[in-house]
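# Got a predicted structure plus its sequence, pasted below:
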Amino acid sequence: MKTFAVIVLISSILIVSPVASSSVVYVNVNRPGSFPGNGSSWGLAYHGIQQGINKAAAGDDVWVARGTYAERITLKLGVALYGGFAGNESDRDLRDWKANETVLDAQNNGYIVTVPTGAAADTRIDGFTLQNGWTIQCWYSSPTISHNVLKAIVFSAIVCYSSSPTISDNVFTGSTGGVISCQDSSAAVITGNLITSNKGSAVGCIDSSPLISNNRIIGNTANVASGIWCARSSPTISGNVFARNRGAAVLCEQGSSPAIVCNTITTHRMTEYAFPGVGVLMNNSSPTICNNIIAFCDFALLYAETGSAPVIRSNCDYGNRDAQPYPAPGFDVSADPQFVDPANDDYHLAPGSPCINKGWNDAPGLPALDMDGEGRIASGLVDIGADELWPTMVEIEVIPSKINLRSNGLVGVIVYSTESIDATSLDPTALRLAGAAVAARGNGSLHCDTTDVDADGDLDLVLKFRANELALDGNATSITLTGVDPTGWPIEGTCNVVTARG
């Protein structure tokens, strides 16, 4: 009995242990040899992707080496499918999915990828080029679809029915029937994608409320809405760039109430069916339209029918031909937004843009990050549009760190040269410490010198300011230096101080 008990115990351990740990199944269509592999290593990799998926268990990864795979696949619950491997990696972080193109080609024979019902975020497809087929279809499932290129797709590239997938950091191009469709209470998270050169709406929403954030929707065409189409839906549309598209950037109809916040919408032009390029088209809907740039389009807003009651606040309207009036207070900036290089699709704000610090911080659906993944509200008020202009941060030191604000004495500031900035290149006349200019000497020259304070081989900038000119109160615990670099880009540095009056 004792021997039997020991054997049972050991057997239990041997059976349970593999289930508790995840493993990797390997696939390489170009593996030498015609013998069947078992997927246990690159040398024994399967030749087909579906073979690898079938072998994997929930919690496993399937790693697929570069090459073209002429097959259609069905994902498995809890299995993560990764492409983009050279075929010799020992760590997933070593893959380069852009350099090692891994093509899944359906050869126009139907759906490229089928997602099983009930899939959650741990069911994943990541790092593939999907082409020449129908769509990724999600029925009552919420997989992760990331880092893929979807091209030459018939109909919509991804269709969601009562599903909430995460669709992030993909490239969509060449679709002929729209790109992403959300229907029947789908709440997809659609973020960080490039959607370009497609026909139809980039995202269509029917009875759904997805989050559509920080995407670049550029150079698409449609009969009416080449951007976002909403019917009986309330999506959050934030931080996106809509540029060089034909038709409306956002179409709201049938009682939709989307939050359209912090987007940049520009150069929307007339469709081949003579429908104008519109920032937002409303038909019996009540969108919230805040902190957006709508510039150089045919029209900023259009009301197709009566019954729309939008909330409009803190937007920029410039260079548009508007046919119908809208509440003037909702467009607080009517000047050129000053994009950095729109001819090359660079829609960052240039220093000096009138859209900087002009937005509404409490706008519903205000995104936490801008189009570059940087935080919003860089200084006081959020910037209008998809970009938040952040200054170059400089390292400063204030001497002495205890400041008597009633004194006419001098406060020294060291601006250190670093890898990001040469402090000696800064124009002292453009620098301000808590609002105060650099103090002048008796001969009229500024208190400005250069020396290698930290003995690192680089010259630093040493400035002096009058204490009683600093715009601080007696309870201030930090002080900020502001200015611009030689290109006109803002700079900012902050350090701790102790202040007193008297």
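Received, thanks. None of the values given here were measured: they were computed from a predicted structure.

# where does the protein dip in pLDDT?
Within the chain, the segments meeting pLDDT under 70 span 1-21, 274, 304-306, 322-329, 502.

# how's it carved up into domains?
What automatic domain parsing lists as the domains of the chain is 22-346, 392-500.

# With distance to S379 added, can I get these in JSON lines?
Where C-beta positions appear, they are placed from N, C-alpha and C, glycine not excepted. Formatted as JSON lines, the domains of the chain follow (distance: least, C-beta to C-beta, whole Å):
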{"stretch": "domain 22-346", "distance to S379": "15"}
{"stretch": "domain 392-500", "distance to S379": "8"}
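
# Which of these sits closest to L381?
domain 22-346 (8.7 Å; C-beta to C-beta).

# end-to-end on the closest one?
The first and last residues of domain 22-346 sit 43 Å apart, counting by C-alpha to C-alpha, to the nearest Å.

# sorry, back to before: do you know which of the domains of the chain lies nearest G375?
domain 22-346 (11.7 Å).

# Point out the most buried one among the domains of the chain.
Sort the domains of the chain by mean neighbour count, taking mean count of other C-beta atoms under 10 Å, and domain 22-346 sits at the top with a mean of 21.

# Tell me how far that domain lies from the chain's centre.
Offset of domain 22-346 from its chain centre (C-alpha atoms, centre = their mean, to the nearest Å): 12 Å.

# Begin at 3, not 1, for the rest of this chat.
Happy to do that; since the first residue is 3 now, the last one works out to domain 24-348.

# phi, psi of the nearest residue to N222 once chain neighbours are set aside?
With C-beta to C-beta, 6 or more residues apart in numbering as the criterion, N222 has its nearest non-adjacent residue at 4.3 Å, and that residue is S228. Here is the backbone geometry of S228 (degrees, to the nearest 10): phi -90, psi -10.

# wait, isn't D462 in contact with A425?
Yes - between D462 and A425 there is a contact under C-beta atoms under 8 Å: 5.3 Å.

# Next, show the common contact partners of these two.
Common contact partners of D462 and A425 (C-beta atoms under 8 Å, 6 or more residues apart in numbering): 417-419.

# want to throw the residues you listed into CSV with secondary structure and distance to C292?
Formatted as CSV, the shared contacts of D462 and A425 follow (DSSP: H, G, I helix; E, B strand; the rest coil; distance: C-beta to C-beta, whole Å):
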residue, secondary structure, distance to C292
V417, strand, 37
Y418, strand, 39
S419, coil, 41
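
# coming back round to it: OK, contacts around the residue nearest to N222?
Listed by C-beta under 8 Å, 6+ apart, the contact partners of S228 are 202-204, 219, 222, 247-251, 270, 273.

# Next, format those as a markdown table and append distance to T70.
Shown next, in a markdown table, are the contacts of S228 (distance: C-beta to C-beta, whole Å):
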| residue | distance to T70 |
| --- | --- |
| G202 | 27 |
| S203 | 30 |
| A204 | 27 |
| I219 | 29 |
| N222 | 27 |
| N247 | 31 |
| R248 | 33 |
| G249 | 35 |
| A250 | 38 |
| A251 | 36 |
| H270 | 37 |
| T273 | 35 |
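
# Now tabulate those in a markdown table and tack on secondary structure.
As requested, those are exported to a markdown table (DSSP: H, G, I helix; E, B strand; the rest coil):
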| residue | secondary structure |
| --- | --- |
| G202 | coil |
| S203 | coil |
| A204 | coil |
| I219 | strand |
| N222 | coil |
| N247 | coil |
| R248 | strand |
| G249 | coil |
| A250 | strand |
| A251 | strand |
| H270 | coil |
| T273 | coil |
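
# Which of those sits closest to G61?
Using C-beta to C-beta, the contacts of S228 come closest to G61 at A204, 34.0 Å.

# which residues in the protein form helices?
4-22, 51-57 (DSSP state H).

# how close does S170 get to T146?
Plainly put, S170 is 8 Å away from T146 if you go by C-beta to C-beta, to the nearest Å.

# Nearest to A388, out of the domains of the chain?
With C-beta to C-beta, the closest approach to A388 among these belongs to domain 24-348: 4.2 Å.

# do you know how far the nearest residue to N247 once chain neighbours are set aside is from Y305?
Leaving aside its sequence neighbours, N247 sits nearest to S228 (C-beta to C-beta, 6+ apart; 4.0 Å). Separation of S228 from Y305 (C-beta to C-beta): 19 Å.

# And N286, by the same measure?
Distance from N286 to Y305, by C-beta to C-beta: 9 Å.

# cool, E274 as well?
Separation of E274 from Y305 (C-beta to C-beta): 23 Å.

# Okay, the residue lying closest to G281 once chain neighbours are set aside and G382: tell me how far apart.
Distances taken as C-beta to C-beta, 6+ apart place I296 nearest to G281, at 3.6 Å, with adjacent residues excluded. Here the criterion is C-beta to C-beta. By it, I296 lies 23 Å from G382.

# And R248, by the same measure?
Distance from R248 to G382, by C-beta to C-beta: 37 Å.

# pretty sure C450 contacts F467?
No - using C-beta under 8 Å, C450 makes no contact with F467, being 10.8 Å away.

# what touches both of these two?
V440.

# The stretch 403-504 of the chain: strands as residue ranges?
Along the stretch 403-504 of the chain, the segments classed as strands by DSSP state E, counting those that start in this stretch run 404-406, 412-418, 434-435, 438-439, 450-453, 462-468, 480-486, 492-498, 500-502.

# want to throw those strands into TSV with distance to G35?
Converted to TSV, those look like this (distance: least, C-beta to C-beta, whole Å):
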stretch	distance to G35
strand 404-406	76
strand 412-418	60
strand 434-435	70
strand 438-439	76
strand 450-453	67
strand 462-468	63
strand 480-486	63
strand 492-498	60
strand 500-502	74
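
# Looking at these, which is nearest to D128?
strand 492-498 (37.4 Å).

# strand partners of the closest one, parallel vs antiparallel please.
The pairing partners recorded for strand 492-498 under DSSP bridges are strand 394-395 (parallel), strand 480-486 (antiparallel).

# Put together CSV for those, with distance to P118 on each row.
Converted to CSV, those look like this (distance: least, C-beta to C-beta, whole Å):
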stretch, distance to P118
strand 394-395, 47
strand 480-486, 54
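
# For Q185, which of the ones you listed is the nearest?
Closest among those, using C-beta to C-beta: strand 394-395, at 45.0 Å.

# Not counting that closest one itself, show me its contacts.
422-423, 487, 491-495.

# could you redo the last one with a cut-off of 6 Å?
Outside strand 394-395, the residues that touch it by C-beta atoms under 6 Å, 6 or more residues apart in numbering are 423, 493.

# what do you get for stretch 207-219?
In contact with stretch 207-219 (C-beta under 6 Å, 6+ apart) are residues 184-186, 188-197, 204-205, 229, 232-244, 369, 373.

# quick one: Y28 and A47 touch, right?
Yes - at 4.0 Å, Y28 and A47 qualify as touching, with contact defined as C-beta atoms under 6 Å.
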